[in-house]
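Novice: Sequence first, then the predicted structure:
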Amino acid sequence: MHEDRRAFLDELLATATPSGFETAGQRVFVDHVADHADEVRTDAYGNAVAVYQGDPDTDCSVVLAGHGDEIGLMVRDVTSEGFLKLTRVGGADKTVTRGQYVTVHGRDGPVSGVVGQTAIHLRDGDGSDDDEINEMHVDVGADDEEAARELVEVGDPITFDTTVKDLDGSLVAARGMDNRTGVWAAAEGFRRAVAADAAATVYAVSTVQEEIGRKGARMVGYDLDPDVVVAADVTHATDTPEAPGKKGSGIELGEGPVVGRGSANHPVVVEAVRSVADDEDVPVQLSAAGSDTGTDAESFYISRSGIASLNVAIPNRYMHTPVEVIDTADLNRVAELMGDFAARAESFAPFEVEV
């Protein structure tokens, strides 16, 4: 991966963006895409849109999207002893929450803390391993409630305090690969489309609040009303020893982008993207979405009277944990596929099924 683009990825991953509190990460996206865009704008809730105008005589518009928010925790209450009680932001996993370093994003700046975990010597047989997140607490070191409330207040978001780690080869581990990698792919696909002098109008979008109901995409889809959307997100790589066989998908790290089929995935767009992949020698994997892709594509495709949409995914191990793992080779290929499709989008229009 090019040094500048890896720096962009690292900055996205290092910036906390729990759902509803995405501003800092959206600024990272805006600053990066501004160099390639004719216009960059944000809306009332912070969805960020970069615009490349394309050929004014070409009546085709393409959205390349990723969601900029991540799961996390939130301060629900402060006890008289100065401990913070918790609630979830999105699909936080109770099994990986205890015993973690966290950062509380307070009004006056970040506050360090830990999620308490009773020592193994003291909890045998007491069932504490089954505690829900709303039964857990964060310890910020405060002596009492008054001291804690000087640091934080109810509603402050909390994220795990982890760093980006390079593993062997081209694998990288970090919190929030879901879905800062999709934002990265949308931005890089946009850059590639602009460099190719795409005839279509191309938008790069970083949406908000996907993890709590795909709400930002609904706003953007209505606002832009494009002809076609390619939404980049992560999907489960089930190539690890503990992956349940009954939920196995055959998706592997290093084997390329994952093109969804079914549900929101428009068949004309599916075939167009697969055609581009064949032409550009980009290996792809397929996934089955019988009912729901679980991504922003679901909100985009039912905006207005319907927008042809597709979920293209980055294989990801250990989703919704502090140690999500992706292969940067897959990530580069997703961006390449998105950019190459956007550069040729008008040749596949109109995006309509034949009945």
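Specialist: Good, I have the coordinates. Treat the numbers as computed from the prediction; the structure is a model and nothing was measured. Numbers count the residues shown, from 1 in each chain.

Novice: Could you tell me which residues within the worst-scoring helix or strand of the chain on mean pLDDT count as buried?
Specialist: Counting by mean pLDDT, DSSP states H and E, the weakest-scoring helix or strand in the chain turns out to be helix 120-123, with a mean of 84. Within helix 120-123, no residue is scored as buried using 16 or more other Cβ atoms under 10 Å. Backbone N, C-alpha and C define where each C-beta goes, glycine included.

Novice: Find the helix or strand that the closest residue to residue 295 other than its chain neighbours is a member of.
Specialist: With Cβ to Cβ, 6 or more residues apart in numbering as the criterion, residue 295 has its nearest non-adjacent residue at 4.2 Å, and that residue is residue 233. Element membership for residue 233, per DSSP states H and E: strand 228-236.

Novice: What pairs with that strand, parallel or antiparallel?
Specialist: Strand pairing for strand 228-236, determined by DSSP bridges: strand 61-67 (parallel), strand 308-316 (parallel).

Novice: any idea which of those is most buried?
Specialist: Neighbour counts (mean count of other Cβ atoms under 10 Å) averaged over each of those peak at strand 61-67, with a mean of 30.

Novice: going on from that one, what's the next piece of helix or strand?
Specialist: strand 72-78.

Novice: Give me the mean pLDDT for that following strand.
Specialist: Regarding strand 72-78, the rounded mean pLDDT is 98.

Novice: Now do it: which elements does it pack against?
Specialist: Counting contacts by 3 or more Cβ pairs under 8 Å, 6 or more residues apart in numbering; DSSP states H and E, strand 72-78 packs against strand 84-89, helix 145-149, strand 157-160.

Novice: quick one, which of these is nearest to residue 135?
Specialist: When the helices and strands packed on strand 72-78 are compared by Cβ to Cβ, strand 84-89 sits nearest residue 135, at 8.5 Å.

Novice: buried set for the closest one?
Specialist: 84, 85, 86, 88, 89.

Novice: Just the angle for the helix or strand just after that strand relative to strand 72-78, thanks.
Specialist: Counting by DSSP H and E, the next helix or strand C-terminal to strand 84-89 is strand 101-106. If you take axes from the mean of the first three to the mean of the last three Cα atoms, to 10 degrees, strand 101-106 sits at 70 degrees to strand 72-78.

Novice: Quick check: what element follows strand 101-106 along the chain?
Specialist: By DSSP H and E, the next helix or strand past strand 101-106 is strand 109-115.

Novice: Turn the strands paired with strand 228-236 into TSV, columns for distance to residue 165 and mean pLDDT.
Specialist: Formatted as TSV, those follow (distance: least, Cβ to Cβ, whole Å; pLDDT from 0 to 100):
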stretch	distance to residue 165	mean pLDDT
strand 61-67	22	98
strand 308-316	15	98
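
Novice: export the ones you listed to JSON lines and tack on distance to residue 194?
Specialist: Below are the strands paired with strand 228-236 laid out as JSON lines (distance: least, Cβ to Cβ, whole Å):
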{"stretch": "strand 61-67", "distance to residue 194": "11"}
{"stretch": "strand 308-316", "distance to residue 194": "19"}
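
Novice: Nearest to residue 258, out of those strands?
Specialist: strand 308-316 (4.0 Å).

Novice: Next SSE downstream of the closest one?
Specialist: Defined by DSSP H and E, the subsequent element after strand 308-316 is strand 324-327.

Novice: how far away is residue 147 from residue 131?
Specialist: 25 Å (Cβ to Cβ, to the nearest Å).

Novice: more crowded one of those two?
Specialist: residue 131 (16 against 13; other Cβ atoms under 10 Å).

Novice: count of neighbours near residue 294?
Specialist: Quick note: residue 294 (other Cβ under 10 Å) scores 18 neighbours.

Novice: show me what contacts the residue lying closest to it once chain neighbours are set aside?
Specialist: Nearest residue to residue 294, sequence neighbours excluded (Cβ to Cβ, 6+ apart): residue 233, at 7.8 Å. Residue 233 makes contacts with 66-67, 178-179, 182, 210, 293-297, 311, 313-314, as judged by Cβ atoms under 8 Å, 6 or more residues apart in numbering.

Novice: go on, residue 40?
Specialist: Per Cβ under 8 Å, 6+ apart, neighbours of residue 40: 30, 33, 34, 48, 49, 50, 51.
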